[in-house]
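Colleague: Have a look; sequence and predicted model below, questions after that.
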Amino acid sequence: MTRNLVVIGAGMASGRALEHLTDTAPDDWSITLFNAEPRGNYNRIMLSPVLSGEKSYAEIVTHDDGWYEERGIACRFGEKVQRIDRDRKVVVGEHGEVPYDKLILATGSSPFIIPCPGHDLPGVIAYRDLDDTNAMIEASGMQGAKAVVIGGGLLGLEAAAGLRLRGMEVTVLHLAGHLMERQLDEAAGYLLQKDLESRGITVRTGASTKEIVGEDRVEAVRLEDGTELPADLVVMAVGIRPAVQLAKESGLATGKGIHVDDAMITSDEDILAVGECIEHRGAIFGLVAPLYDQAKVAAQTLIGEAAEFRQKQLSTKLKVTGVDLFSAGDFADGEGREDIVYRDPARGVYKRLVIEDDRLIGAVMYGDTADGNWFFGLIKDGEDVSEMRETLIFGPAYQGGGATADPLAAVAALPADAEICGCNGVCKGRIVEAIEGGATSLADVKATTKASASCGTCTGLVEQVLAATLGDDFAMPTAQPICGCTELTHEDVRRLIKARELKSQPAVWQELGWSTPNGCHVCRPAVNFYLLADWPLEYADDPQSRFVNERKHANIQKDGTFSVVPRMWGGITTPQELRAIADAAEKYDVPTVKVTGGQRIDLLGVKGEDLPKIWGDLNAAGLVSGHAYSKGLRTVKTCVGTDHCRFGTQDSTGLGVKLEKRLWGSWTPHKVKMAVSGCPRNCAEATCKDVGIVCVDSGFEIGVGGAAGMDVKEVEPLVKVATEDEAIEWTVAFVQLYREHGKYLDRPYKWLAKVGLPWVQETLGDAETRAALVARFDLSQSVYQKDPWAEHATPEAERTFAPLADLTLEAAE
Amino acid sequence: MSWIDLGAIDDVPERGARIVRTRAGCVALFRTGPEEVFAASNTCPHKGGPLSEGIVHGRKVTCPLHNWVFDLETGEAEGADDGRIATYPVRLEGGRILIDGDALAVGRAA
Ligand SMILES: Cc1cc2nc3c(=O)[nH]c(=O)nc-3n(C[C@H](O)[C@H](O)[C@H](O)COP(=O)(O)OP(=O)(O)OC[C@H]3O[C@@H](n4cnc5c(N)ncnc54)[C@H](O)[C@@H]3O)c2cc1C
Ligand code: FES
């Protein structure tokens, strides 16, 4: 006896269910198939190749008219089901009713549309079906048309790549900090972004859409930060929601999706549901693999066989031709997880495995995904990997044999024209030539090419070129790497950041082969400084890579409170300022007020959450942060000079104030203290500062490299100049040279001991070089000379300084 | 278990931390990845450094005072340093961070 089966939705899940059912029980059912789309089932996941032009629609149809006809399936395509009348057991379509004994809901999901202003303008589309795909293809036909894709996940990126291949100018907007953050970590996200950018796609991460602008159709997308991006087409690919409306209106149990049990039966025993519209044990689905399992279970249930659907691990691949990316398993939080990271910068390869309890539970791979399925197999089988842990990341080929990543890869990968020695303009090719011409040591290379003959910071790199070229014939001197995350020294990293134009932390981690996912407390602050010093405009300072003092803009004390020090330019203050400081000290119960050695006042013992408020108060009185916590300019100490002192030879206070106003806010490898004394009696103690200027009748004597900390050192004379302007120019140029070459956490005297004062004098002695250094310094100041207090004395900042939640209050209620 | 909603995950910067005040003392929430948060005592067993102010790297945090490094999954100090911080189960749901209230209560009793 045949029974009536009605299926709502002719998609990938129901298609598979119908195959199973008609194969095993061809004569048991009289089937009616509704589909809102005016066509039968096609391979939805292959819409991306259709969009990019690599496939035609005909090629992706999975069930054609003949298929349905042979099986006697009554097709009602282009007809949306309006209602299910469960009492009468009929389905109500737009063109009439159909009775059912059993019903399958397979309505899939609907794209989520951000409800921002303008989301309903013509030209704004989702990416779900053939019509969307055709609309995109049509829009791309317009000469010079621009597309903005909102959402940098799987769908958004496939849409972007397809539109780009069709010649559109494409920008991807992504809210998170890196692309595909659900499937990828930062490093893989960085590689992906780089790949897409090399295809001419613009990627903006951290971009929040505010509104879509246009009169009769879309004209532009406006972001929260005010940027406006012209657009003829906007594709929203920000996520999907299970299509539950029909089920809900029919009174079936729904949550995020339509509730089903392990046999795919909904809360009504005659109604089954499969595909993206369902919720099974709290989970919803967005990839086809589990849908196929569900389809099979549903068919078995209908036939009367006992079957249970089990959720399994999933893997993802991005279908953009030429982009090799694979991710599988789980990266979410949990106890006892370990990472294994492998990077081959030369080939643009990144692999990361996540291990828990001796089992592989997650894998991300970029650039080389050949072993993806092998890893996925290990994840699915839950095999014990402790035996092969050491070589696991090298894949199945290495099991049994040993291999390690080549630490020289970063240097070996440099092209011949990459600059190694910046001082003497020597590129890698020239050094290799010298080696091939017989040079076998650093000294030989220095003698023939002058590489590393000046400031010497490239020494490590030159040695690595030697090692990479000569192989075993060259014994590498052991240099101290920055930390356990890398084999490279500070100097190597600085040089490579410049030579390879690395402009983000993930770029450094990846291209230089870091062995940890995102560095550690030793390398992160250093790399952050190098990047912001070398690329002030391109790189944005990362607060999470700073020590607490620089993140909180205050010095942390041993009891966890902070100290607050306002700037007093050159040590000069006013009654109003002093009054404001006194008021703040009282208002915030500051236990200790101290006069510092740098000629200013320190408020010690301020509570972390009060910081934004006290800054606001001090700001209102015209006081700004004294950066008493930063690796940057601290103070310029002065004596009173010609204004008041009978010995004074120049306006030392005036020069001190000018220097402080010019230099404050800049980040340096370590702290920088300065002083200007008005005469050789040296009341400002200028001769033990990082830069100390002593005024004399005929001008200004600039000394550098003094210290009065754990080491005590007198400055060495850098130069004597006649005018105040020259004194400022030399000082700024010196600080910039130190910023560009110094090793993180080396005070100037330590840096000078490495590069030698003569090299610094020679470099700064060239007027053109000096002017260029000053220009680069000023450029950096255009970004970084801003008062952190003013920036953080806002209600939002105040919120981030306070606890996220206070459970002591709740518990007390 | 009784799960307590603490706030949105996006209120904790990636590779950063925020604190929560509890009767058992301050608990720090460390965000180690886009979708990964750990909860542990905010107080370093060495000399009481505020761990939420430390640098978060991998699934670890370095104390801002003297650089002890703690594994956030086990709470153990790394390397030669000997010490442990209490850890608490957390869960993410729809972009919110939930903490196990029972574990916090036990922390207080202990
Ligand atoms: C561009 C793109 C690329 C993708 N790439 C991948 C990939 O690489 N890998 C992967 O695993 N997954 C991929 N997916 C996801 C995959 O396509 C879906 O998981 C899958 O198609 C869902 O199948 P389904 O049967 O649940 O729903 P669908 O295939 O969406 O089918 C549902 C059908 O039901 C119809 N319908 C809904 N309501 C009604 C109603 N009331 N009356 C009548 N008909 C109705 C709809 O019109 C639709 O045709 C991709 C998706 C897209 C859009
Ligand atoms: S207080 Fe944490 S390391 Fe000393």
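Modeller: Good, I have the coordinates. Ligands and ions are numbered 1, 2, ... in the order given.
Colleague: Not counting sequence-adjacent ones, nearest residue to A:Q300?
Modeller: Take A:Q300 and drop its neighbours on the chain: the residue closest to it by C-beta to C-beta, 6 or more residues apart in numbering or on different chains is A:A307, 3.8 Å away. For glycine as for every other residue, the C-beta is placed from the backbone atoms N, C-alpha and C.
Colleague: phi, psi of the one you found?
Modeller: Here is the backbone geometry of A:A307 (degrees, to the nearest 10): phi -150, psi 150.
Colleague: Distance check, it against B:P34.
Modeller: Distance, A:A307 to B:P34, using C-beta to C-beta, to the nearest Å: 36 Å.
Colleague: Neighbour count: these two, which is higher?
Modeller: Neighbour comparison, A:A307 and B:P34: the larger count goes to B:P34, with 19 against 15 (by other C-beta atoms under 10 Å in any protein chain shown).
Colleague: Surely that one and A:Q183 touch.
Modeller: No: using C-beta atoms under 8 Å, B:P34 is not in contact with A:Q183, being 10.4 Å away.
Colleague: any idea how far B:T87 is from B:L104?
Modeller: 11 Å.
Colleague: for A:T449, same thing?
Modeller: From A:T449 to B:T87 the distance is 55 Å (C-beta to C-beta).
Colleague: can you check A:A145 too?
Modeller: On the measure of C-beta to C-beta, A:A145 and B:T87 end up 53 Å apart.
Colleague: Comparing the two, which residue is more hemmed in?
Modeller: Taking neighbours as other C-beta under 10 Å, A:A145 and B:T87 compare with B:T87 leading, 21 against 18.
Colleague: Show me what the more buried one is bridged to.
Modeller: B:T87 has these beta-bridge partners by DSSP bridges: B:A40.
Colleague: Quick check, A:D787 in contact with A:G626.
Modeller: No: the pair A:D787 / A:G626 is not scored as a contact, 10.3 Å apart, by C-beta under 8 Å.
Colleague: Between the two, tell me which one has more neighbours.
Modeller: A:G626 (24 against 18).
Colleague: Ramachandran angles for that one?
Modeller: Per degrees, to the nearest 10, the backbone of A:G626 is at phi -90, psi 0.
Colleague: That one reaches A:R600, doesn't it?
Modeller: Yes: counting by C-beta under 8 Å, A:G626 does reach A:R600; the two are 5.8 Å apart.
Colleague: Now do whatever helix or strand A:G362 lives in: which elements does it pack against?
Modeller: Per DSSP states H and E, A:G362 falls inside strand A:359-366. Under the contact criterion of 3 or more C-beta pairs under 8 Å, 6 or more residues apart in numbering or on different chains; DSSP states H and E, strand A:359-366 touches helix A:186-198, strand A:325-329, strand A:349-356, helix A:372-381.
Colleague: switch to 10 Å and redo it
Modeller: On a contact count with 3 or more C-beta pairs under 10 Å, 6 or more residues apart in numbering or on different chains; DSSP states H and E, strand A:359-366 meets helix A:186-198, strand A:315-317, strand A:325-329, strand A:337-344, strand A:349-356, helix A:372-381.
Colleague: hmm, who's touching the last one?
Modeller: Looking back up the chat, that one is helix A:372-381. When contacts are defined by C-beta atoms under 10 Å, 6 or more residues apart in numbering or on different chains, helix A:372-381 is touched by residues A:312-317, A:324-330, A:351, A:353-354, A:359-365, A:369, A:371, A:383-385, A:388, A:392-393, A:395-397, A:399.
Colleague: can you do 8 Å?
Modeller: A:312-313, A:315, A:317, A:326, A:328-329, A:353, A:359-363, A:365, A:385, A:395-396 (C-beta atoms under 8 Å, 6 or more residues apart in numbering or on different chains).
Colleague: Give the buried residues for it.
Modeller: Buried residues in helix A:372-381, counting neighbours by 16 or more other C-beta atoms under 10 Å in any protein chain shown, are found at A:372, A:375-376, A:378-379.
Colleague: any idea which of these is the one closest to chain B?
Modeller: For the buried residues of helix A:372-381, the closest approach to chain B (C-beta to the nearest C-beta) belongs to A:I379, at 17.9 Å.
Colleague: Beta-bridge partners for the nearest residue to the closest one once chain neighbours are set aside, please?
Modeller: Here the nearest residue to A:I379 in space, its sequence neighbours aside, is A:G329; by C-beta to C-beta, 6+ apart that works out to 4.4 Å. Taking DSSP bridges as the rule, A:G329 bridges to A:G362.
Colleague: Compute the number of surrounding residues for B:H66.
Modeller: Using other C-beta under 10 Å, the number of residues around B:H66 comes to 11.
Colleague: three-state assignment of it?
Modeller: coil (DSSP: H, G, I helix; E, B strand; the rest coil).
Colleague: so it makes contact with B:G48?
Modeller: No: under the criterion of C-beta under 8 Å, B:H66 is not in contact with B:G48, lying 10.8 Å apart.
Colleague: Quick check: which ranges of chain A have low pLDDT?
Modeller: Across chain A, the ranges flagged by pLDDT under 70 are A:331-335, A:346, A:397-410, A:422-424, A:453-457, A:476-479, A:809-813.
Colleague: Show the backbone phi and psi for B:I99.
Modeller: phi -120, psi 150.
Colleague: Contacts only, for it.
Modeller: B:3-4, B:6, B:20, B:27, B:39, B:88-91.
Colleague: Just among those residues, which is most surrounded?
Modeller: Comparing the contacts of B:I99 by number of neighbours (other C-beta under 10 Å), B:V27 comes first, having 30 neighbours.
Colleague: how about the residues of the stretch 1-150 of chain A near ligand 2?
Modeller: Not one residue of the stretch 1-150 of chain A sits near ligand 2, judged by C-beta under 6 Å from any ligand atom.
Colleague: for chain B, same thing?
Modeller: Counting by C-beta under 6 Å from any ligand atom, chain B sits next to ligand 2 at B:44, B:46-49, B:63, B:65-66, B:68.
Colleague: can you give me the strands for the stretch 601-750 of chain A?
Modeller: For the stretch 601-750 of chain A, the strands defined by DSSP state E, counting those that start in this stretch occupy A:601-606, A:633-638, A:672-677, A:691-696, A:699-704, A:707-708, A:712-713, A:716-721.
Colleague: Export these as CSV, with columns for mean neighbour count.
Modeller: As requested, those are exported to CSV (neighbours: other C-beta atoms under 10 Å in any protein chain shown):
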stretch, mean neighbour count
strand A:601-606, 20
strand A:633-638, 27
strand A:672-677, 28
strand A:691-696, 26
strand A:699-704, 22
strand A:707-708, 16
strand A:712-713, 13
strand A:716-721, 17
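Colleague: Select, out of those, the one closest to B:G75.
Modeller: Nearest to B:G75, of all those, is strand A:601-606, at 29.9 Å by C-beta to C-beta.
Colleague: Report all helices and strands that the closest one contacts.
Modeller: Applying 3+ C-beta pairs under 8 Å, 6+ apart, one finds that strand A:601-606 contacts strand A:562-564, helix A:575-587, strand A:592-595.
Colleague: out of those, which comes closest to ligand 1?
Modeller: When those are compared by C-beta to the nearest ligand atom, strand A:562-564 sits nearest ligand 1, at 50.7 Å.
Colleague: Walk me through which strands that closest one pairs with, and which way each runs.
Modeller: Short version: by DSSP bridges, strand A:562-564 pairs with strand A:555-556 (antiparallel), strand A:601-606 (antiparallel).
Colleague: which other residues reach the longest one?
Modeller: Contacts made with strand A:601-606 from outside it, assessed by C-beta under 8 Å, 6+ apart, are listed as A:554, A:557, A:559, A:561-566, A:568, A:578, A:581, A:584-585, A:588, A:590-596, A:614, A:628.
Colleague: same thing but 7 Å
Modeller: Strand A:601-606 is contacted by residues A:557, A:561-565, A:581, A:584-585, A:588, A:590-596, A:614, A:628 when judged by C-beta atoms under 7 Å, 6 or more residues apart in numbering or on different chains.
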